[in-house]
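Undergrad: Sequence and predicted structure, then a few things I'm wondering about:
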Amino acid sequence: MKKGSPVIIILLAVIIVAIVSFLPLSKWTDGKVKDFSLFSDILKEVKIMEGDNSSSSKNEEIDPELLEAMAEADSIARDSIAALPVDTIVAPIMPSRKGELVMIEDYTTDGVGLEHLKNAISSGALARIAVVGDSYIEGDIFTQDLREMLQEAYGGEGVGYVNMHTDFPGFRRSIRQGGSGWKTFLANKKVDKQYLFLPEQYAMPTGDALSTYKGSSSFPHAAKWSRSRFLFIAPENTSINVKTSEGEWEERNIEGNPNVQCIEVAAQTSEFDIKTSDTSLIGLGVWLDGTTGVSLDCMSSRGFSGITLTKINQSLCREISEIIDYDLIVLEFGINAMSSKQTDYSIYSSKMVDVINHVRSCFPRADILMMGVGDRGEKHGSQVRSMATAPAMISAQRDAARRAHCLFWDTREAMGGEGAVVSWSSSGHINKDYVHMSHKGGARLAKELFNAIQHELQ
């Protein structure tokens, strides 16, 4: 064969890919690049071609924390873990509807609904909402539109919480985030739990660290804001520099303190920047908003099932709530806890009861709303259908809300119920993984929840 022959090139490519298949890419990159196997992928394709039409076109990933919890539970009597108190054993509940509106289901002890959020809005002060979830809301998808609708209706400005660093600076449309020099610590990795609160992450400088935030004209209320705050813990005396679009760098001298501290800049701005070189500093996050209307925080953690929220530090949350408190906390989880074959989610339901109760103990002044999973697709041959086990997951989530006496909203029903993933995919509202929404789909779902919230606030 001649040099440069296509056969040689293809053969070399196969050899290189085969070698890479055996490399621990996930370990080397701290999970940013996933491991893969050329041979297992080939076998998978052969299996599908031979008629295994029940297989999903995408590997299902379940939160390792949940798998560990399930393994532990298997060594105990399963029924005893999932046992319900006598007063909560009721027949399955159908989604609450009022015409086309899928309403919020109220399982609170006294039927108080969104009492805290309603009171905060009517008081004229800032009403704050946190939406805590997984990759379903990553990049502010869904939450960016829900925020904009609420701010259009009740006032408000800015995007609220933003973490210290992102590896995907162009993904989020509601804020332009940049910077470098930070190491992020997540709740599902080796982490110091004393620094964990709702976002389930914190960051520390690795040297000269910089974080930059710039407003976005894509959302009118996100272009500018009047209050910029940086929450942190400084174990030692240090200095932190901050800057807005209206000024120069300003140095702040900070006394060492084991408690949460806050740098606040009260000025209308479209930018907020932070820099520091203190490697002992713990960056908890930045909040960009105002003093009235509604502020909505998007706190997403890819791959999480929600159960690690029991790790958040109650004392830290209480400290933070003296500066940043919440009137409504929305829990959006489930896609990393379900699979196409599992139909019993009783253990997950029990774990989420613990989560709800723990979050409530950390932020006792907040209403808590659990969102059910959205419709998720799986391939059967060349056709896409709703995952058959989705109703079982939603039932488990509803049971958790009922047992923990919080609110529940049936996301899948709001999308259209059984088969919704098919129409949403064909119209570009769901990506081709048949799980995650596009920006277009996020806006559509946000309108449904906005209408449900509006109904409760009347």
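TA: Arrived safely, thanks for sending.

Undergrad: Can you name the element that comes right after the lowest-mean-pLDDT helix or strand in the chain?
TA: The helix or strand of the chain with the poorest confidence is helix 38-49; it has a mean of 38 (mean pLDDT, DSSP states H and E). Later in the chain than helix 38-49, the nearest helix or strand by DSSP states H and E is helix 64-74.

Undergrad: how near is residue 120 to residue 406?
TA: Look at residue 120 and residue 406: by Cβ to Cβ, to the nearest Å, they are 17 Å apart. For every residue, glycine as well, the C-beta is placed using N, CA and C.

Undergrad: Can you tell me the closest non-neighbouring residue to residue 230?
TA: Excluding the flanking residues, the one nearest residue 230 by Cβ to Cβ, 6 or more residues apart in numbering is residue 263, at 4.6 Å.

Undergrad: One more: residue 106?
TA: Leaving out its chain neighbours, the residue that sits closest to residue 106 by Cβ to Cβ, 6+ apart is residue 113, at 5.2 Å.

Undergrad: thought the one you found was touching residue 105?
TA: No: the pair residue 113 / residue 105 is not scored as a contact, 10.1 Å apart, by Cβ atoms under 8 Å.

Undergrad: Next, give phi and psi for the residue lying closest to residue 236 once chain neighbours are set aside.
TA: Leaving aside its sequence neighbours, residue 236 sits nearest to residue 256 (Cβ to Cβ, 6+ apart; 4.3 Å). For residue 256, the backbone dihedrals (degrees, to the nearest 10) come out as phi -60, psi 140.

Undergrad: what sits against residue 256?
TA: Residue 256 makes contacts with 234, 235, 236, 237, 238, as judged by Cβ atoms under 8 Å, 6 or more residues apart in numbering.

Undergrad: again, but for residue 236
TA: By Cβ under 8 Å, 6+ apart, the residues touching residue 236 are 256, 278, 280.

Undergrad: so how far is residue 355 from the first one?
TA: The one in question is residue 256. Distance from residue 256 to residue 355, by Cβ to Cβ: 33 Å.

Undergrad: which one of the contacts of residue 236 sits closest to residue 151?
TA: Nearest to residue 151 among these: residue 278, at 34.6 Å, using Cβ to Cβ.

Undergrad: Spatially, and excluding backbone neighbours, which residue is closest to that closest one.
TA: residue 238 (4.1 Å).

Undergrad: correct me, but that neighbour touches residue 276?
TA: Yes: with contact defined as Cβ under 8 Å, residue 238 reaches residue 276; the gap is 6.9 Å.

Undergrad: Neighbour count: those two, which is higher?
TA: Shown here are residue 238 and residue 276; by other Cβ atoms under 10 Å, residue 276 has more neighbours (24 against 18).

Undergrad: For that one, which non-adjacent residue is spatially closest?
TA: Nearest to residue 276 is residue 240, by Cβ to Cβ, 6+ apart, at 4.7 Å.

Undergrad: Is the one you found in a helix, a strand, or coil?
TA: strand (DSSP: H, G, I helix; E, B strand; the rest coil).

Undergrad: Pass me the low-pLDDT residue ranges in the stretch 251-400 of the chain, would you?
TA: Nowhere does the stretch 251-400 of the chain drop to pLDDT under 70.

Undergrad: And the strands in it?
TA: Assigned by DSSP state E, counting those that start in this stretch, the stretch 251-400 of the chain shows strands spanning 257-269, 271-276, 282-289, 293-300, 328-332, 367-371, 377-380, 383-386.
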